[in-house]
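> Here is my input; please provide its structure:
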Amino acid sequence: MGATSPATRYVIALGSNRRGRHGSPANEVRAAMAAIGGVVNASPVIATAPLGPSRRRFANAALLIESGESPPELLRRLKGIERAFGRRAGRRWDMRVIDLDIILWSGGAWSSPGLIVPHPQFRHRAFVLRPVLALVPAWRDPLTGRTIRQLAALLTRRAG
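Below you'll find the model as predicted:
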C-alpha cells in the first residue's frame, strides 16, 4: 500500500515535558526512541524552554531512522506510540508525555491530509534544529535548498 523502499530515511523529532511510566521527560524520550526502532543515529537529549502556556521544561531529541513505511504509514505508527505512552488529546502546547513528529524524509517533500514533510515549523524552532543538526548537518531542506547547518545558523542570527 504505497510502501517506500527499506532505504528510506526519516528524521523524527521527540519531545516530552511530563513524567510518564518511564520516569522523567528525558527517560520518556529515550524509551520512545527504543519504541520507534530502525534507528540509524540518535541525537543527545537536550533540555529546552517551554513554548506557549506550559511552564515545564522539555526534553528534546531527534532520531535518524530507516523504514519501509510511507510517510502516512509512519505517522500512524508514531501516533500509536504516542497513545501507548499515554499522550492525551488536549490543548496545543499543553504538557505531554511524548510528542513525535516527522521532520524530514529522504524522499524530499510530502503533502497529504494531516501530514506535511518537511514539518512546516521546523526551520523556526531551535529545540528541533539543534538535535537535527547533531544528526544530519548536511541534509538539505527540500523546500529552501539550505542545509540543516545553514538553517541553524540563520535561526541563531535571528535570535541574537
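> Might you report the residue contacts of Pro142?
104, 108-109, 118 (CB atoms under 8 Å, 6 or more residues apart in numbering). Yep, even glycine has a C-beta here, placed from its N, CA and C like the rest.
> Now for these, which sits with the most neighbours around it?
Among those, Leu104 has the most neighbours (other CB atoms under 10 Å), with 27 neighbours.
> Which strand residues bridge it?
Under the criterion DSSP bridges, Leu104 forms beta bridges with Val11.
> so where's this structure uncertain?
Within the chain, the set of residues satisfying pLDDT under 70 comprises 1-6, 51-54, 89-95, 159-160.
> Relative to Leu63, which of the contacts of Pro142 is nearest.
Leu104 (11.3 Å; CB to CB).
> Pull the contacting residues for the closest one.
With CB under 8 Å, 6+ apart, Leu104 has these contacts: 10-11, 117-119, 122, 132, 136, 139, 141-142.
> Just the ones of the contacts of Pro142 in strands?
Leu104 (DSSP state E).
> Compute the number of surrounding residues for the residue nearest to Trp110 when sequence neighbours are not counted.
Leaving aside its sequence neighbours, Trp110 sits nearest to Val117 (CB to CB, 6 or more residues apart in numbering; 4.1 Å). Using other CB under 10 Å, Val117 has 24 other residues around it.
> Narrow the contacts of Leu104 to just the buried residues.
10-11, 117-119, 122, 132, 136, 139, 141 (16 or more other CB atoms under 10 Å).
> thinking again about what came up before, narrow the contacts of Leu104 to those in helices?
Assigned to helices by DSSP state H, the following of the contacts of Leu104 qualify: Val132.
> Dump the contacts of Leu104 into CSV; add distance to Gly86 as well.
Output for the contacts of Leu104, formatted as CSV (distance: CB to CB, whole Å):
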residue, distance to Gly86
Tyr10, 23
Val11, 24
Val117, 26
Pro118, 28
His119, 23
Phe122, 25
Val132, 26
Val136, 30
Trp139, 31
Asp141, 32
Pro142, 34
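> Great, nothing more from me.
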